[in-house]
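S.K.: Based on what follows, work out the 3D shape:
(chains A and B)
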Amino acid sequence: MIKAIKGTRDILPQESAVWNRVEETAREILSVYGFSEIRTPVFESTELFARGVGEDTDIVAKEMYTFDDRDSRSLTLRPEGTASVVRAYLEHQVHRDPQIWKVYYLGPMFRRERPQKGRFRQFHQLGAEVLGSDHPAIEAEVIELLQLFLDRIGVGETELLVNSIGCSRCRAGFVQKLKAALADKEDGLCPDCRRRRQSNPLRVLDCKHGPCQPVIETLPSILDCLGEPCRLHFDQFLGHLKRRDIRFKVVPRLVRGLDYYSRTTFEITSPGLGAQNALVGGGRYDGLAEVLGGRPTHGFGFALGLERVILLCQQGDSPPAAGRPQLFIAPLGEPAFDRASLMARDYRRQGIRCFLDFVPRSLKSSLRLANKLQSGHVLIVGENELKTGEFPLKRMRDGQQILVRQEDVVSRLGNG
RNA sequence: GUGAGUGUAGCUCAGUCGGUAGAGCACUGGAUUGUGGCUCCAGCGGUCGUGGGUUCGAUCCCCAUCACUCACCCCA
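M.R.: I've put the predicted structure just below:
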């Protein structure tokens, strides 16, 4: 039997009801905050991600679904959304627009990782980006929006982690200091970290290996190495958070995995998720547009893992029952079925959720089914009724039954 | 890419110290010739993941393989 491939899955009707609820809530809140939807292609030129995300990142180095098109151009299924949004901004010369650009996207991303709890090869992200502003308040406002969203869909306890990794100039200085500090610390480090000392010293800070921790404690903090403008920016950002009563934790070792980040970075985690506990990741990426060959453009945004958020929703209350019929039509015999089909067409045109089965059933079995589907009413269409033109309409809640003519059925349904 | 755990009915799982399997739920029908939910009765449903080995005999033991799950790594 052919099965869905590893790391992909079906979202069946019961679950899609939850997805719809979450997505609707997101669209509503994003719209209130002035964001419009953007839909970019799910595949792009490989170069976009290689340059935009960074050649040295795990994503580009070993997780992308890359293939040659028939004209042997290299294409890649998008592993994240930000690079595409910035590409679109540049391609359509949006900078000519005097306002800042606030867009959101929602859709599948692809990374070839080993699946585990909360991690898939095709997964879904909700992302939002603000292009054209370097104001620290917009950063706080985006986080405020996120908290409202997470609160409204009910994911329970979360923690906001923030940091600043400075601009490229601060970071260059810091990396030097870091390398110096790590030079004589070889013994206390795991093999991975030893390698990273030279290739990507920032990652050492992010190592979760127990034995490495004592060494990491002694390393300089990036926050002490920020230049004056970056220091000020970060302080203002934190001030805007405080003003909004948003609780946060400054984590100097929070180094995000994508190369394009600068200054503010943040992450929202949940204790209810297992090892993959990041619900949202984001930050500022002021250098990205230039890396992609465009004019210098400020950018700030986040990506939120929908699977992870939905995992948390389902731990709470059960999802709402999807589309229960308002009217279940139970035909008895073939002539009655033909008539019932036309009645169903009539009622559906009036917007009534009608259920009409195609397999012949006894009345008892029809009622059982109607009950299982939680139908509001059952309309019995039998041979006697065809003659008299009056049909028993049964209210399932209390079993009360009345005789009505075809055209009076809808007005008798009430809101049951 | 690495490690560990698990694969038995549609679902959740028992079980056989090696003699070709069972429960609950679900499903179908009956108790009520055209009236649901509760209850009772009956029925349907399994190449015991796949391939090989040991054995008179393997779902059980051994090997391989695949799938799923969790963790490492990394991230949403």
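
S.K.: contact partners of the helix or strand harbouring A:I143?
M.R.: Element membership of A:I143, judged by DSSP states H and E, is helix A:136-153. With contact meaning Cβ atoms under 8 Å, 6 or more residues apart in numbering, helix A:136-153 is reached by A:21-22, A:25-26, A:29-30, A:33, A:100, A:128, A:130, A:158, A:160, A:233-234, A:236-237, A:239-241, A:243-244, A:246, A:264, A:266, A:268, A:279-280, A:282, A:284, A:300-302, A:304, A:309, A:313. Every C-beta, even on glycine, is put in place using the N, C-alpha and C of the backbone.

S.K.: nearest spatial neighbour of A:Y33, skipping sequence neighbours?
M.R.: With Cβ to Cβ, 6 or more residues apart in numbering as the criterion, A:Y33 has its nearest non-adjacent residue at 4.9 Å, and that residue is A:L145.

S.K.: in the stretch 1-150 of chain A, what spans have low per-residue confidence?
M.R.: Low-confidence segments of the stretch 1-150 of chain A (pLDDT under 70): none present.

S.K.: can you rerun that using 90?
M.R.: For the stretch 1-150 of chain A, residues meeting the criterion pLDDT under 90 lie at A:1-4, A:12-18, A:54-58, A:61, A:98.

S.K.: Enumerate the residues of it near RNA strand B.
M.R.: Counting by Cβ under 7 Å from any atom of the strand, the residues of the stretch 1-150 of chain A close to RNA strand B are A:3, A:5-7, A:57-59, A:80, A:111, A:113-120, A:123, A:125.

S.K.: circling back: just the contacts of helix A:136-153: which are in helices?
M.R.: With helices taken from DSSP state H, the overlap with the contacts of helix A:136-153 comprises A:21-22, A:25-26, A:29-30, A:233-234, A:236-237, A:239-241, A:243, A:309, A:313.

S.K.: Pull out the buried members of those.
M.R.: A:22, A:25-26, A:29-30, A:233-234, A:237, A:240-241, A:309, A:313 (16 or more other Cβ atoms under 10 Å).

S.K.: picking that back up, if we go by neighbour counts, what in the helix holding A:I143 is buried?
M.R.: A:136-147, A:149-150, A:153.

S.K.: How about stretch A:281-294?
M.R.: Of all the residues in stretch A:281-294, those buried under the rule 16+ other Cβ under 10 Å are A:281-289, A:291-292, A:294.

S.K.: now the helices: where do they sit in the stretch 201-350 of chain A?
M.R.: Listed in chain order, the helices of the stretch 201-350 of chain A (DSSP state H, counting those that start in this stretch) span A:201-205, A:213-218, A:228-243, A:288-291, A:306-315, A:334-349.

S.K.: hang on, I meant the stretch 51-200 of chain A
M.R.: Under DSSP H, counting those that start in this stretch, the stretch 51-200 of chain A gives helices at A:58, A:82-91, A:136-153, A:168-183, A:191-199.

S.K.: Surely A:P325 is in contact with A:L356?
M.R.: No: using Cβ atoms under 8 Å, A:P325 is not in contact with A:L356, being 9.2 Å away.

S.K.: Quick check: neighbours shared by the two?
M.R.: Joint contacts of A:P325 and A:L356 (Cβ under 8 Å, 6+ apart) do not exist.

S.K.: ok now the helix holding A:I143, how far from the chain's centre?
M.R.: 14 Å (Cα atoms, centre = their mean, to the nearest Å).

S.K.: picking up where we left off before, for RNA strand B, tell me which of the buried residues of stretch A:281-294 show up nearby.
M.R.: A:G281.

S.K.: and which of the buried residues of stretch A:281-294 is nearest A:L332?
M.R.: The closest of these to A:L332 turns out to be A:G281 (Cβ to Cβ; 59.2 Å).

S.K.: That closest one contacts A:T269, correct?
M.R.: No: using Cβ under 8 Å, A:G281 makes no contact with A:T269, being 9.5 Å away.

S.K.: how many other residues sit next to A:F358?
M.R.: Neighbour count of A:F358, defined by other Cβ atoms under 10 Å: 7.

S.K.: do A:K364 as well
M.R.: 9.

S.K.: Am I right that it sits in a strand?
M.R.: No: under DSSP: H, G, I helix; E, B strand; the rest coil, A:K364 falls outside any strand and is assigned helix.

S.K.: Quick check: it vs A:A370, distance?
M.R.: 11 Å (Cβ to Cβ, to the nearest Å).
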